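Asker: Give me coordinates for this.
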Amino acid sequence: MGDKKRVLIVFGGQSSEHEVSRISVTSILKNIDSDKFDVSMMGITKDGKWLPYSGPIDKIPSGEWEQISLKDRTRSITDKISLIDNIVSRVDHAGELDTASMNDEKGKKIDVVFPVLHGCNGEDGTIQGFFELAGIPYVGCGVLGSAVGMDKIYAKIIFEKAGIPQADYLYFTRKEIAANIDSVADRIEEKFRYPIFVKPSNAGSSVGVTKAHDKNELKEALIYAAKYDRKVLIEEFINGREVECAVLGNDDPIASTVGEIIPGNEFYDYKAKYIDNSSKIKIPADLPEETIEEIRDYAVKAFKALDCAGLSRVDFFVHKETGRVYINEINTMPGFTSISMYPMLWEASGIPYSELIERLIELAIERYKDNSREYDE
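Answerer: Take a look at the predicted model:
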């Protein structure tokens, strides 16, 4: 019992993927090995309150956990500066992992944080920077990998530099779109044929994504995407099969087998992912072995190019006619729901869910040690 690692699992968050996080964390909590880990929970509400939670796991997906937590406490942790002071004051920066811990609400030391947060303010380097400042080991990519992976435009710039094939693209700011949407649409039409994909640069789970078939739909899509981010990405349409590959590790990552998404809708949007369950998943994908190996190689290459750590899921298109592989995007904290591809891919590759969680926690501790720095006096 005394050798158990104490893990603080953080969920919810101020993002359009708040609900997805609640579903993901429920799956993790049900699968984490209680013989090896002593788990505490911290939920972040949509308005930014940090609420320690010790109630029933099955009340998290519906959002009921929030009221339960508030009833159990006389106050919530809302002041971010006080929160940081509270955590940092309990961290010993002597350089030894065992002492670099924070305390949970019961006064127990926390050895590692697992931020099960998707989207902005959780997957984009913000909370990772918070944990870095506090000197706390945490699961997943660091500040750089998280920030660049979340920003589709800058990820594309790096993928291009790394020589990974991808769809052609343009991007515009919210201000450019608001100032002269007709001019923006004209420039897009000069470069691409319809259909065209329009996406917020910083968003996940296909939130704010539209497939435009004509100029009117294009302008509506630009306005819609700009609601979710100040930068909007426009991509050429790839007539491709949607496939995904999971990556696990730090400096020497490994890639899973490849799975294929067969969308129930015109493309694999938020509704198809989490609401109507009409999409189908095929693992392994029905692809030639050389194509699967090419995808796995590109997945690891993308992971390393962004200096990722712990985990990522890398999404690709395989052109239906030519068989060419194109990277679509990388997800540095992929979904962990019961129907999420990341854990399913590793299950198919020989790593069951509980073992996967254990490996991610071990990788977080390994990365923390590797990131230690010395400073000349």
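
Asker: got the end-to-end distance for stretch 56-67?
Answerer: With C-alpha to C-alpha, to the nearest Å as the measure, the ends of stretch 56-67 fall 12 Å from one another.

Asker: Report the buried residues of it.
Answerer: Using 16 or more other C-beta atoms under 10 Å as the test for burial, stretch 56-67 gives 57, 59, 60, 61, 65, 66. The C-beta positions use only the backbone N, C-alpha and C, and glycine is treated the same way.

Asker: Stretch 37-57 now?
Answerer: Result for stretch 37-57 [16+ other C-beta under 10 Å]: buried residues 37-45, 49-53, 55, 57.

Asker: quick one: which of those is nearest to residue 13?
Answerer: Of all these, residue 13 sits closest to residue 44, with 4.9 Å by C-beta to C-beta.

Asker: which residues touch that closest one?
Answerer: 10, 11, 12, 13, 14, 50, 51, 117, 122 (C-beta atoms under 8 Å, 6 or more residues apart in numbering).

Asker: Next, count neighbours for residue 304.
Answerer: Neighbour count for residue 304, taken as other C-beta atoms under 10 Å: 16.

Asker: separation between it and residue 250?
Answerer: Counting by C-beta to C-beta, to the nearest Å, the separation of residue 304 from residue 250 is 10 Å.

Asker: This structure: helices as residue ranges?
Answerer: 18-31, 65-72, 80-88, 126-134, 143-150, 152-162, 174-179, 181-191, 215-226, 270-274, 289-305, 341-348, 353-370 (DSSP state H).

Asker: Of the contacts of residue 44, which belong to strands?
Answerer: 10, 11, 12, 50, 51 (DSSP state E).

Asker: I'd say the last one and residue 67 touch.
Answerer: Going back to what we said before, that points to residue 51. No: at 9.9 Å, residue 51 and residue 67 do not qualify as touching, with contact defined as C-beta atoms under 8 Å.

Asker: Pass me the low-pLDDT residue ranges in the stretch 1-150 of the chain, would you?
Answerer: 1-2, 73-108 (pLDDT under 70).

Asker: Give me the nearest residue to the most centrally placed residue in the chain, chain neighbours excluded.
Answerer: Residue closest to the average C-alpha location in the chain (C-alpha atoms, centre = their mean): residue 333, at 2.6 Å. Excluding its sequence neighbours, the residue lying closest to residue 333 (C-beta to C-beta, 6 or more residues apart in numbering) is residue 123, at 4.5 Å.

Asker: do residue 353 as well
Answerer: Excluding its sequence neighbours, the residue lying closest to residue 353 (C-beta to C-beta, 6+ apart) is residue 31, at 4.4 Å.

Asker: which residues does the one you found contact?
Answerer: 353, 354, 357.

Asker: re earlier: want to try CSV for the helices of the chain, with distance to residue 314 as columns?
Answerer: Below are the helices of the chain laid out as CSV (distance: least, C-beta to C-beta, whole Å):
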stretch, distance to residue 314
helix 18-31, 18
helix 65-72, 32
helix 80-88, 32
helix 126-134, 19
helix 143-150, 10
helix 152-162, 10
helix 174-179, 28
helix 181-191, 26
helix 215-226, 22
helix 270-274, 17
helix 289-305, 4
helix 341-348, 10
helix 353-370, 16
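
Asker: I am assuming residue 237 contacts residue 198, so please confirm or correct that.
Answerer: No: contact between residue 237 and residue 198 fails when scored by C-beta under 8 Å: they sit 11.0 Å apart.

Asker: For residue 235, see how far away residue 248 is.
Answerer: Taking C-beta to C-beta, one finds residue 248 at 28 Å from residue 235.

Asker: Now the terminal residues of stretch 199-214, how far apart.
Answerer: The straight-line separation of the ends of stretch 199-214 (C-alpha to C-alpha) is 16 Å.

Asker: before we move on, back to that, what pLDDT does the residue nearest to the centre of the chain get?
Answerer: The score at residue 333 is 95. That number is its pLDDT.

Asker: How about the one 3 residues further on?
Answerer: Residue-level confidence at residue 336 comes out at 92, pLDDT.

Asker: can I see the domain layout of the protein?
Answerer: 5-138, 149-165+238-365, 169-236 (automatic domain parsing).

Asker: now these in CSV, with distance to residue 372?
Answerer: CSV is the format used below for those (distance: least, C-beta to C-beta, whole Å):
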stretch, distance to residue 372
domain 5-138, 6
domain 149-165+238-365, 12
domain 169-236, 30
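
Asker: Go through those and name the closest to residue 371.
Answerer: Nearest of these (C-beta to C-beta): domain 5-138, 8.3 Å.

Asker: Any chance of the contacts of residue 31 in a markdown table with pLDDT as columns?
Answerer: Output for the contacts of residue 31, formatted as a markdown table (pLDDT from 0 to 100):
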| residue | pLDDT |
| --- | --- |
| 353 | 95 |
| 354 | 96 |
| 357 | 97 |
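
Asker: just the buried members of the residues you listed?
Answerer: Buried among the contacts of residue 31 by 16+ other C-beta under 10 Å: 353, 354, 357.

Asker: The first one contacts residue 343, doesn't it?
Answerer: Put plainly, it is residue 353. Yes: contact criterion C-beta under 8 Å: residue 353 and residue 343 qualify, at 5.2 Å.

Asker: who touches both of these two?
Answerer: residue 27.

Asker: follow-up on the earlier one: tell me how far the residue nearest to the centre of the chain lies from residue 10.
Answerer: 11 Å.

Asker: which residues are in contact with both of the two?
Answerer: 115, 116, 117.

Asker: how far away is the closest residue to the first one other than its chain neighbours from residue 210?
Answerer: So that's residue 115. Nearest residue to residue 115 in three dimensions, chain neighbours excluded: residue 10, at 4.6 Å (C-beta to C-beta, 6+ apart). Noted for residue 10: a distance of 31 Å to residue 210, by C-beta to C-beta.
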